[in-house]
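Participant: Got a predicted structure plus its sequence, pasted below:
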Amino acid sequence: MLSSHEMPVKCVAYSSQHGILISASWDKTLHIHLIHQPDLIPATVKLPNKPFAISLSPSKLIVALSDRATIIYDLALLVDTARQSSQPLPNIIDVPPFQQRENSLKFLTRAVAAMPNDEGYAMSSIEGRVSVEWFDDSEKSQARKYAFKCHRQTAPADPEDPDGESMAIVYPVHALSFNPVHGTFVSGGGDGVIASWDAVSKRRLKQFAKLPAGVAATSYSHDGLLLAIAISSGFEEGKEDEVAKGPFTVAIRTMIDADTKSFGSKK
């Protein structure tokens with residue numbers, strides 16, 4: 001066992017480049033584990049609120065909090081500070097954030113994923129939206145950030161109501177993953193749908209056939225050729241009693257260029 005949190009662990013992230021494993025818990029802490037130095041006591045970073053999602057870029061750690069705040073840490077500084085710390089447990093270290101922002105999305109965060117080119121990240125919410133932002137805090141760069149609607153379905157109007165209108169059913173976006181080769185990303189929602197997006201051209205590349213239950217998580221292989229999709233029943237349709245019955249499966253999909261490769265900017 002590497003370490004123990006006082007409350008459930010919400011998410012973990014690993015960087016082979018830095019040899020670091022980070023766990024984020026509802027006890028409002030991050031634990032920094034230096035994999036190649038197992039004798040060192042894991043360092044603890046205190047957070048102002050519960051972490052809902054984390055992601056690692058080549059140089060940054062992105063932490064999305066429950067109060068719609070996002071804290072971004074310089075990964076090299078975090079690792080160096082953890083390596084130099086020799087305090088006894090809980091070994092709390094103080095690392096100033098690289099940036100701290102308010103989320104562009106108005107509702108609770110479900111997932112965050114860093115761009116493999118180290119330029120920014122995507123974030124999703126329970127309200128069927130995804131935002132795309134860049135680390136560069138210049139006015140020109142920040143003007144590029146945007147958000148869009150996704151993972152929605154249209155419910156037909158009530159046939160017994162002559163004045164009835166169709167309405168949109170909005171699903172949470174539980175999963176985001178960037179392709180490590182092409183830099184595009186997929187989103188997975190409670191509607192059981194996976195969609196592929198080009199963050200730069202703001203274009204949907206493909207929407208795949210609906211799965212038997214909601215998408216809980218996604219992850220690409222290191223070469224971007226395979227996509228793992230965790231499928232499980234959720235609370236999206238008011239079927240709480242059915243959650244424990246499943247299905248609980250992991251599907252592996254082979255991704256071709258048409259699924260993941262950008263083909264130019266949208267005009």
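Facilitator: Looks like it came in fine. Residues are numbered from 1 along each chain as shown.

Participant: Check what pLDDT the nearest residue to residue 68 once chain neighbours are set aside gets.
Facilitator: Nearest residue to residue 68, sequence neighbours excluded (C-beta to C-beta, 6 or more residues apart in numbering): residue 103, at 4.3 Å. For the C-beta atoms, the positions are set from N, CA and C on the backbone; glycine is no exception. Looking at residue 103, its pLDDT reads 92.

Participant: Show me the shaky parts of the stretch 101-250 of the chain.
Facilitator: Along the stretch 101-250 of the chain, segments meeting pLDDT under 70 span 156-166, 234-246.

Participant: how about residue 89, phi and psi?
Facilitator: Note on residue 89: its backbone torsions stand at phi -50, psi 140 [degrees, to the nearest 10].

Participant: doesn't residue 121 make contact with residue 62?
Facilitator: Yes: the criterion here is C-beta atoms under 8 Å, and residue 62 meets it with residue 121 at 5.3 Å.

Participant: about what we covered before: what number of residues are in the vicinity of the residue nearest to residue 68?
Facilitator: Residue 103: 20 surrounding residues under other C-beta atoms under 10 Å.

Participant: and residue 94, backbone torsions?
Facilitator: Torsion angles, degrees, to the nearest 10, at residue 94: phi -110, psi 110.

Participant: Return the distance of it relative to residue 144.
Facilitator: Using C-beta to C-beta, to the nearest Å, we find residue 94 at a distance of 32 Å from residue 144.

Participant: and if you look at residue 202?
Facilitator: To residue 144, residue 202 is 10 Å away according to C-beta to C-beta.

Participant: Residue 16 too?
Facilitator: Distance from residue 16 to residue 144, by C-beta to C-beta: 30 Å.

Participant: More neighbours: the two, which one.
Facilitator: Ranked by neighbour count (other C-beta under 10 Å), residue 16 and residue 144 place residue 144 first, with 14 against 8.

Participant: Can you classify residue 133 by secondary structure?
Facilitator: strand (DSSP: H, G, I helix; E, B strand; the rest coil).

Participant: what helix or strand does residue 6 sit in?
Facilitator: For residue 6, there is no host helix or strand (DSSP states H and E).

Participant: my guess is it contacts residue 28, does it?
Facilitator: No: applying C-beta under 8 Å, one finds residue 6 not in contact with residue 28, separated by 9.4 Å.

Participant: Could you check which of those two is surrounded by more residues?
Facilitator: Neighbours per residue, other C-beta under 10 Å: of residue 6 and residue 28, the larger number sits with residue 28, 18 against 10.

Participant: Ramachandran coordinates for the more buried one?
Facilitator: For residue 28, the backbone dihedrals (degrees, to the nearest 10) come out as phi 70, psi 40.

Participant: Need the pLDDT of it.
Facilitator: The score at residue 28 is 97. That number is its pLDDT.

Participant: which one is it nearest to, not counting chain neighbours?
Facilitator: residue 47 (4.7 Å).

Participant: Next: residue 17.
Facilitator: Going by C-beta to C-beta, 6+ apart, residue 17 has residue 58 as its nearest residue, at 6.5 Å.

Participant: OK, contacts around that neighbour?
Facilitator: Contacts for residue 58 (C-beta atoms under 8 Å, 6 or more residues apart in numbering) come out as 17, 75, 116, 118.
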